[in-house]
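Let's see this in three dimensions:
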Amino acid sequence: MKCAICNAEPAGYEPDAASASMLIRYRCQRCGTYRISRDTLTQLSALSPDDRRRLQATARQAWSRKNELTLTPNDLSFLIAGQPPRRTPMDSADALVLYLGARVAALHQTVTITPGEDFPLFNTLDGTELEYLIRLLTKELKLVDDSALHIATRCELRLTPAGWARYDELRRSNRQADRAFVAMWFDPTLAPVFDEAIAPALDAAGYRPDRIDRVHFPNKIDDEILARIKRCAVLVADFTSERDHPGGRGGVYFEVGYALGLGVPVIWTIRKDQLPKVHFDTRQYPFIDWSDAEDLKKRLADRIGALLPQ
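Here you go, the predicted structure:
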């Protein structure tokens, strides 16, 4: 059986018993383990090679974080958009440095990389390009050591002292890797949405939820909001609003627009009954249209797991 995403053979294939056969589970050495609905299978055949590569990268990166991606028609375009059309070689090199640094508990330990299977982790085109990237990091940049093992199909890699310095530099970049800014209406009626859904989902994924009305600061609130969005790793925006103005408050739209301009990932949510009322220009985005706090918590956790590092 071929993988539904990359068409590689062999791939494990079975109906997902928990979903009453509405989903099929695939296991692929390149794409990881993922579930896909039957109606999504037909959509995959229409994807361009680049979109298929981006979907493959999203699925494998989610699986490396122990998250099993679920592919449905509503989320397909969003999951593809979660990957850049093409990473630069240095972006992929930094991704490999971060991957190696995060997976060892001691300096002498190595991480096994199989280029022919692991290339989607770093958004490289194929195993040959990942091999070139490893040579760049070992021979030219001296950030990685492959002396433990480097054969045609597999290598054992560890960071050099210069590689650890680069790893620390990337981790200490201006954006705080564990901070999630939450933009929403602060009315008491929506307190359970934050306390029982958004905050727990972020906490479980290793992100610290940051809601401006629940922190103390010396600056003007507008300046503080902009500063915190600049520093966050992700912004969760809930557009649910008062009955007289459904579809979102102006402040939430502003904060989301500012985050998008900075390149901060945004997760869009709204209560299901208000989805038809969102502004026309935002309807292209994949909203989580939740029915209650429990529904939002589960679906938000799934989306975080699929798209964000943990």
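
Which residues are in contact with the residue nearest the centre of the chain?
The chain has residue 307 as the residue nearest its centroid, 1.7 Å off, counting by Cα atoms, centre = their mean. Contacts for residue 307 (Cβ atoms under 8 Å, 6 or more residues apart in numbering) come out as 58, 62, 79, 82, 265, 267. (Each C-beta comes from the backbone N, C-alpha and C, glycine too.)

just residue 194 next, same as before
Going by Cβ under 8 Å, 6+ apart, the list of residues near residue 194 reads 182, 184, 209, 211.

ok, now residue 101?
159, 163, 164, 167, 171.

cutoff 6 Å now
159, 167 (Cβ atoms under 6 Å, 6 or more residues apart in numbering).

ok, now residue 34?
Residue 34 neighbours (Cβ under 6 Å, 6+ apart): 26, 59, 69.

make it 8 Å
5, 25, 26, 28, 59, 62, 63, 68, 69, 70, 71.

Spatially, which two of the contacts of residue 194 are the most separated?
184 and 209 (10.6 Å; Cβ to Cβ).

which residues are in contact with both of the two?
With Cβ under 8 Å, 6+ apart as the test, residue 184 and residue 209 both reach 194, 198, 236.

picking up where we left off before, Serialize the contacts of residue 194 to a markdown table and add fields for secondary structure and distance to residue 45.
Shown next, in a markdown table, are the contacts of residue 194 (DSSP: H, G, I helix; E, B strand; the rest coil; distance: Cβ to Cβ, whole Å):
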| residue | secondary structure | distance to residue 45 |
| --- | --- | --- |
| 182 | strand | 38 |
| 184 | coil | 39 |
| 209 | strand | 40 |
| 211 | coil | 43 |
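
Just the strands from the stretch 1-150 of the chain, written as ranges.
Assigned by DSSP state E, counting those that start in this stretch, the stretch 1-150 of the chain shows strands spanning 12-15, 23-28, 32-37, 69-71, 111-113, 144-150.

These: which one's closest to residue 279?
strand 69-71 (27.8 Å).

which strands and helices sit next to the closest one?
strand 32-37, helix 49-64, helix 293-307 (3 or more Cβ pairs under 8 Å, 6 or more residues apart in numbering; DSSP states H and E).

mind listing what's buried in it?
69, 70, 71 (16 or more other Cβ atoms under 10 Å).

Tell me which strands it pairs with, and in which orientation.
Sheet pairing for strand 69-71, assigned by DSSP bridges, gives strand 32-37 (parallel).

Quick one: distance of the partner strand to the chain centre.
Distance of strand 32-37 from the chain centroid (Cα atoms, centre = their mean, to the nearest Å) equals 16 Å.

Pull out the buried residues from it.
So for strand 32-37, counting by 16+ other Cβ under 10 Å, buried means 32, 33, 34, 35, 36, 37.

distance of the residue nearest to the third one when sequence neighbours are not counted from residue 22?
Computed as Cβ to Cβ, 6 or more residues apart in numbering, the closest residue to residue 34 that is not its neighbour in sequence is residue 69, at 4.3 Å. Between residue 69 and residue 22 the distance, using Cβ to Cβ, to the nearest Å, works out to 16 Å.

now, which of the shared contacts of residue 184 and residue 209 lie within helices?
The subset of the shared contacts of residue 184 and residue 209 located in helices under the criterion DSSP state H is empty.

from these, which single one is nearest residue 51?
residue 236 (25.6 Å).

show me what contacts that closest one?
180, 181, 182, 183, 184, 198, 202, 209, 266, 267, 269, 300.

State the distance from the fourth one to residue 50.
Per Cβ to Cβ, residue 183 is found 31 Å from residue 50.

of the two, who's got more company?
Per other Cβ atoms under 10 Å, whichever of residue 183 and residue 50 has more neighbours is residue 183, with 25 against 13.

Tell me which residues touch the more buried one, please.
Listed by Cβ under 8 Å, 6+ apart, the contact set of residue 183 reads 235, 236, 237, 238, 251, 252, 255, 256.

can I get these in TSV with distance to residue 11 and pLDDT?
Supplementary listing: the contacts of residue 183 in TSV, determined by distance: Cβ to Cβ, whole Å; pLDDT from 0 to 100:
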residue	distance to residue 11	pLDDT
235	35	96
236	34	97
237	36	97
238	37	96
251	47	89
252	42	94
255	42	95
256	38	95
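
Nothing else from me, thank you.
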